[in-house]
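Colleague: no FASTA, just this:
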């Protein structure tokens, strides 16, 4: 389970932004996850604020860091790192970008972080709380020379692995690849928590759900309760035209190299997700999901993604949640997420939205208000930092500007 995530010097984020899932108040149990160590963590965190405040950049930083961790093994020694620091002052432009995760896996709390620039990894560290006191498993710093500190832990093994770690690769990923047991749980956590974002698109996630009868039934039941007149979801195979297969062969041939690519690996058919709608008079009609409305696609994708992760756990990252569907559906989805007692895998979600109605269903500890300072840097403030009385209408107060993080509209357009 994710306890805390922080990022610094990434796109519009100049100073460190910290997102904490910890529940410090005696919140109702349906909103929190409790592990064996009685750590109380929220299932959902919402980012709310005006356009161009940096909400998407916070979420994008998660995607970037996850990809960097999971794909570091494939990085060539000479490859540059396509990281984008804060560009509005010279100090930040020349500084490294930092990411840190604090999480629990198999009853152990870990702190893992790294800093990178466009050329190399500048810093990397991993701490484990096997007891109340942290143990540093490794620490890496790059100034003129790259230095590792293994704190007397498996020095021979770790020193050997460090020699195999290029300056633009993460030691964590290389060590896991070489079978170093102490870091395997950490690397596996990143693989498991974000597995829906690895090599799978949303269609593949939906396919996995539809191929499981129990999960499909839950998906259909959820859509029915949300007032969708959908009588069936199914997968059919559509034959690829020769022109399409030739285009795929050309693409993968260039990507993999002619010597490694096998033309026969291009399938003749491709799976297509279909939706059957039922009208008020009982008539049914079927269309491909990609031809259905954006709102229908989003709701199906969102619920399917949650069901896909539910047994094994994971983190859903949702940018502009509810942009294509009614505010009541946003509320329905969050409540579906929070109230599911079958969430055994401890799935969590962080999302951004412009739908202020979520303030009525989330705790102030679950809401981060996102805005920019006078220098253009993104900053966040926890809604719980404000004095909020029990009788306060939080949504109305937010729309009136009581908590900030709203557009500053100056006069009328044609005035």
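Modeller: Looks like it arrived, so ask away. Small disclaimer: the values here were computed from a predicted structure and weren't measured.
Colleague: please make it C-alpha for all contacts and neighbour counts, starting now.
Modeller: OK.
Colleague: what segments of this structure are helices?
Modeller: 55-71, 90-93, 155-163, 171-177, 184-193, 202-210, 213-225, 242-256, 294-309, 327-339, 394-399 (DSSP state H).
Colleague: now the residue nearest the centre of the chain: how far from residue 299?
Modeller: Nearest to the mean C-alpha position of the chain, by C-alpha atoms, centre = their mean, lies residue 317 at 3.3 Å. Residue 317 is 14 Å from residue 299, where distance means C-alpha to C-alpha, to the nearest Å.
Colleague: equivalent analysis for residue 204, please.
Modeller: 16 Å.
Colleague: which of these two has more residues huddled nearby?
Modeller: Neighbours per residue (other C-alpha atoms under 10 Å) separate residue 204 from residue 299, with residue 299 holding more: 22 against 16.
Colleague: give me every residue that touches the more buried one.
Modeller: Listed by C-alpha atoms under 8 Å, 6 or more residues apart in numbering, the contact partners of residue 299 are residue 325.
Colleague: returning to that earlier point: find the nearest non-adjacent residue to the residue nearest to the centre of the chain, please.
Modeller: residue 350 (5.2 Å; C-alpha to C-alpha, 6 or more residues apart in numbering).
Colleague: neighbours around the one you found, how many?
Modeller: 21.
Colleague: pretty sure it contacts residue 315?
Modeller: Yes - assessed by C-alpha atoms under 8 Å, residue 350 is found in contact with residue 315 at 7.5 Å.
Colleague: neighbours of residue 211, how many?
Modeller: By other C-alpha under 10 Å, neighbour count at residue 211 equals 12.
Colleague: what does residue 237 give?
Modeller: Residue 237 - counted by other C-alpha under 10 Å - has 11 other residues nearby.
Colleague: so it versus residue 273, what's the distance?
Modeller: Relative to residue 273, and taking C-alpha to C-alpha, residue 237 is found at 9 Å.
Colleague: show me the domain layout of this protein.
Modeller: 1-199+312-415, 202-311 (automatic domain parsing).
Colleague: now the ones you listed as CSV including mean pLDDT?
Modeller: Below are these laid out as CSV (pLDDT from 0 to 100):
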stretch, mean pLDDT
domain 1-199+312-415, 91
domain 202-311, 84
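Colleague: quick one, which of those is packed in tightest?
Modeller: Among those, the stretch with the highest mean neighbour count (mean count of other C-alpha atoms under 10 Å) is domain 1-199+312-415, at a mean of 17.
Colleague: surely residue 69 and residue 173 touch.
Modeller: Yes - with contact defined as C-alpha under 8 Å, residue 69 reaches residue 173; the gap is 6.5 Å.
Colleague: roughly how far apart are the closest residue to residue 305 other than its chain neighbours and residue 332?
Modeller: Excluding the flanking residues, the one nearest residue 305 by C-alpha to C-alpha, 6+ apart is residue 205, at 6.3 Å. Distance of residue 205 to residue 332, given as C-alpha to C-alpha: 21 Å.
Colleague: next one: residue 339
Modeller: For residue 339, the distance to residue 332 equals 10 Å [C-alpha to C-alpha].
Colleague: got it, and residue 64?
Modeller: 29 Å.
Colleague: what sits against residue 324?
Modeller: Residue 324 neighbours (C-alpha under 8 Å, 6+ apart): 294-295, 298.
Colleague: so which of these comes closest to residue 7?
Modeller: residue 298 (27.9 Å; C-alpha to C-alpha).
Colleague: residue contacts, that closest one?
Modeller: Contacts of residue 298 by C-alpha under 8 Å, 6+ apart are 324-325.
Colleague: OK, contacts around the closest residue to residue 72 other than its chain neighbours?
Modeller: Distance criterion C-alpha to C-alpha, 6+ apart; nearest residue to residue 72, sequence neighbours excluded, is residue 169 at 5.4 Å. The contact partners of residue 169, by C-alpha under 8 Å, 6+ apart, come to 72-73, 75, 120-121.
Colleague: can you tell me which of those are in strands?
Modeller: residue 121 (DSSP state E).
Colleague: in TSV, list the contacts of residue 169 along with distance to residue 403.
Modeller: TSV is the format used below for the contacts of residue 169 (distance: C-alpha to C-alpha, whole Å):
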residue	distance to residue 403
72	41
73	44
75	44
120	40
121	38
